[in-house]
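Chemist: model this:
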Amino acid sequence: MPPGGKVVFVDYHKTFALHPLRGVMHLVFRYLEPFAFGLVDGEIKDFASRPDDFAWQKQTYFGGLYQKVVARRIEPALTFAHAAE
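Modeler: Next comes the predicted model:
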């Protein structure tokens with residue numbers, strides 16, 4: 001991905017304890033979306049091989065039921081060797 005490029009992830013997020021759909025979503029995850037537990041228990045950037053190469057922004061929706069995470073590639077810093085060329 002070139003510097004300044006971005007990728008957008010929209011997926012499930014861990015709801016707050018009193019969310020009215022928390023129990024329903026637990027059943028959905030258990031029977032229909034078994035990998036969703038891995039997403040709600042961690043951060044999407046934890047799956048990246050080089051997370052420090054990106055600026056991360058996260059927003060949650062519907063009481064935390066869903067999340068949108070935007071990863072924007074950071075421009076690499078110029079090193080002295082590159083600046084001298």
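
Chemist: can you name the next helix or strand after the longest helix along the chain?
Modeler: The longest helix of the chain (DSSP state H) is helix 22-31. Where DSSP states H and E defines the elements, the next helix or strand beyond helix 22-31 is helix 36-40.

Chemist: and that following helix, what other elements does it pack with?
Modeler: Where contact means 3 or more CB pairs under 8 Å, 6 or more residues apart in numbering; DSSP states H and E, helix 36-40 is packed against strand 6-12, helix 22-31. For glycine as for every other residue, the C-beta is placed from the backbone atoms N, C-alpha and C.

Chemist: what do you get if the cut-off is 6 Å, keeping everything else the same?
Modeler: With contacts taken as 3 or more CB pairs under 6 Å, 6 or more residues apart in numbering; DSSP states H and E, helix 36-40 sits against strand 6-12.

Chemist: what's the strand it packs on in contact with?
Modeler: Under the contact criterion CB atoms under 6 Å, 6 or more residues apart in numbering, strand 6-12 has outside partners 36, 39, 40, 44, 68, 69, 70, 71, 72.

Chemist: out of these, which are buried?
Modeler: In the contacts of strand 6-12, burial by neighbour count holds for 36, 39, 40, 44, 69, 71, 72, counting by 16 or more other CB atoms under 10 Å.

Chemist: need the contact list for the second one.
Modeler: In this case it means residue 39. If you count contacts by CB under 6 Å, 6+ apart, residue 39 has them with 11, 12.

Chemist: repeat that for the third one.
Modeler: For residue 40, the contact set (CB under 6 Å, 6+ apart) comprises 12, 14.

Chemist: and the closest residue to residue 21 other than its chain neighbours, how many neighbours?
Modeler: Excluding its sequence neighbours, the residue lying closest to residue 21 (CB to CB, 6 or more residues apart in numbering) is residue 65, at 6.3 Å. By other CB atoms under 10 Å, 18 other residues sit near residue 65.
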